[in-house]
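> Return a 3D structure for these sequence lines:
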Amino acid sequence: NHQKMSAMTMSSSARCRLFSRTTNTPSTSSRTPVDRDMRIYAQQRQKSKSNTKKKTKDKYEFPGSMPASFQKDVTRALEQAKRAEKVWSCEITDFYSPPLCDWIEKAVKKNFGDAIVCDRTGGYRGAEQQRMLLARPENSEELFELAKNDEFFSNEGEDGEGEVDTSNCAIACVNISGMFAFDPASHPDFLGAVLGAGVKREKIGDILVNSSSEGGAKVLATPAIAVFLTRALESVRTVKVNVDLFPLSELEAGQGAQMQEPMRTYEASLRLDAIASAGFRCARSKMGDDIVKGNVKLNYNVCEKKNATVGEGDMISCRGRGRVEVKEILEQQNDRYRIELVRFK
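Next up is the predicted model:
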């Protein structure tokens, strides 16, 4: 009781000193000079990191309505554009969707004006996943032509093998072949096998599944990854496969006849589920389930609304089914629509 009364009559500073002696935690004043210096250094380092991030974020101007999910990839592309402007090189981005490529073009125009020109390539006409090419206008034509060429072998020896220079090329193609007659593989199977080999998704472009009689698929990728797949990819599902480089010129020549199928349908409305079910030749209820599950994209953006309106020029893609482009919409006298479609298998 005497100690309690003494503590009550103490001054605030005296009580603090008394309580600091009774606790096991050392007071701030008892810390060594080394501890204080380390704490100050950590605070300064954290402040420096935050300032660096803020400067990086505020370095470029982005289009006002650009989705926040695109900012990281657009920033990386702007850094490449800055490098192209500085060293007069052709910088090549990863594979991006058409909407993201559009935003990159707008951001480059906004930040560099006419100092940098943009082009894109996906390996063939109508490709979905594309790589952006960035260069100065003075030498862009020559560099872009070189980047779209897939002849990147050099120093070939007598055995036909040699070093591979993949620095200037944008895209290469590999053909995956095997005995798929008894175990057919679809687009997700080939994509899963490639990703399972340790390849990042942004390094892979379109995957074109061959006809049922031929089997296999053609995979578009960065040249370095294409060469890697020829050595690393061994099987798809349960099928042992052979992976060989495939010329882009032959892919372009056979793409139209093999992969496109024109069709016509008559619909009472322009709903997404109605047009998509007609284009992919499946039941409307099944297509509605795919839309709700997020397996369907309208103009390369996931659309989960079955009643979304489709217009001319729109592209509808469904996981595992391919893509359908709406070429023309004509309104008929009986309140129905005649719709011209092209299906990319």
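
> Now do the contacts for residue 128.
Shown here is residue 128, whose contacts under the criterion C-beta atoms under 8 Å, 6 or more residues apart in numbering are 97-98, 122, 206, 300, 317, 323. In short, each C-beta sits where N, CA and C put it, glycine included.

> for residue 269, same thing?
For residue 269, the contacting residues are residue 337, taking C-beta under 8 Å, 6+ apart as the criterion.

> quick one: which helix or strand includes it?
With elements delineated by DSSP states H and E, residue 269 resides in a region that no helix or strand encompasses.

> Could you double-check that residue 318 sits in contact with residue 277?
No: with contact taken as C-beta atoms under 8 Å, residue 318 and residue 277 are classed as non-touching, separated by 9.9 Å.

> if I look at those two, which residues touch both of them?
Shared contacts of residue 318 and residue 277, defined by C-beta under 8 Å, 6+ apart, comprise residue 287.

> Neighbour count for these two, which is higher?
With neighbours defined as other C-beta atoms under 10 Å, residue 318 and residue 277 compare such that residue 277 has more, 22 against 19.

> Run through the strands of the stretch 201-345 of the chain in chain order.
For the stretch 201-345 of the chain, the strands defined by DSSP state E, counting those that start in this stretch occupy 204-209, 217-221, 235-236, 239-246, 260-267, 296-298, 301-302, 315-318, 322-331, 337-344.

> what's the closest of the ones you listed to residue 103?
strand 301-302 (12.2 Å; C-beta to C-beta).

> Would you give the sheet partners of that closest one, along with the direction of each?
According to DSSP bridges, strand 301-302 has the following sheet partners: strand 296-298 (antiparallel).

> contacts for the strand it pairs with?
By C-beta under 8 Å, 6+ apart, strand 296-298 touches 272, 276, 287, 290, 302-303, 308, 310, 314-319.

> Buried only: go through these for me.
272, 276, 287, 290, 303, 308, 310, 314-318 (16 or more other C-beta atoms under 10 Å).

> Residue 195 - how many residues pack around it?
Residue 195: 13 surrounding residues under other C-beta under 10 Å.

> and the closest residue to it other than its chain neighbours, how many neighbours does it have?
In this structure, residue 195 finds its nearest non-sequential neighbour in residue 201, 6.6 Å apart by C-beta to C-beta, 6 or more residues apart in numbering. Close neighbours of residue 201, defined as other C-beta under 10 Å, add up to 11.

> and the closest residue to residue 248 other than its chain neighbours, how far is that from residue 67?
Nearest residue to residue 248, sequence neighbours excluded (C-beta to C-beta, 6+ apart): residue 150, at 4.5 Å. In this structure, residue 150 lies at 32 Å from residue 67, with C-beta to C-beta, to the nearest Å as the measure.

> Neighbour count: these two, which is higher?
residue 150 (22 against 11).

> That one against residue 250, yeah?
No: under the criterion of C-beta under 8 Å, residue 150 makes no contact with residue 250, lying 10.3 Å away.

> circling back: mind checking which of the strands of the stretch 201-345 of the chain is nearest residue 175?
Ranked by C-beta to C-beta, the member of the strands of the stretch 201-345 of the chain that lies closest to residue 175 is strand 239-246, at 4.1 Å.

> What's the mean pLDDT across the closest one?
Taken as a whole, strand 239-246 carries a mean pLDDT of 93.

> what residues are up against residue 288?
Contacts of residue 288 were listed using C-beta under 8 Å, 6+ apart, and they are 273, 306.

> hang on, the earlier thing: just send the strands of the stretch 201-345 of the chain back as JSON lines, with distance to residue 77 too.
Below are those laid out as JSON lines (distance: least, C-beta to C-beta, whole Å):
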{"stretch": "strand 204-209", "distance to residue 77": "16"}
{"stretch": "strand 217-221", "distance to residue 77": "19"}
{"stretch": "strand 235-236", "distance to residue 77": "32"}
{"stretch": "strand 239-246", "distance to residue 77": "27"}
{"stretch": "strand 260-267", "distance to residue 77": "30"}
{"stretch": "strand 296-298", "distance to residue 77": "22"}
{"stretch": "strand 301-302", "distance to residue 77": "19"}
{"stretch": "strand 315-318", "distance to residue 77": "22"}
{"stretch": "strand 322-331", "distance to residue 77": "25"}
{"stretch": "strand 337-344", "distance to residue 77": "26"}
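
> so of those strands, which one's packed in deepest?
Mean neighbour count (mean count of other C-beta atoms under 10 Å) peaks for strand 217-221 among the strands of the stretch 201-345 of the chain, with a mean of 25.

> in the stretch 51-200 of the chain, which ranges drop under the pLDDT threshold?
Under the criterion of pLDDT under 70, the regions of the stretch 51-200 of the chain flagged as low confidence span 51-58, 151-167.

> Show me where it has its helices.
Under the criterion DSSP state H, counting those that start in this stretch, the stretch 51-200 of the chain carries helices at the ranges 71-87, 98-112, 140-147, 187-196.

> quick one: buried residues of the shortest one?
Going back to what we said before, that points to helix 140-147. With the criterion 16+ other C-beta under 10 Å, helix 140-147 contains buried residues 140, 143-144, 147.

> So which elements touch that helix?
Contacts defined by 3 or more C-beta pairs under 8 Å, 6 or more residues apart in numbering; DSSP states H and E place helix 140-147 against strand 117-121, strand 130-135.
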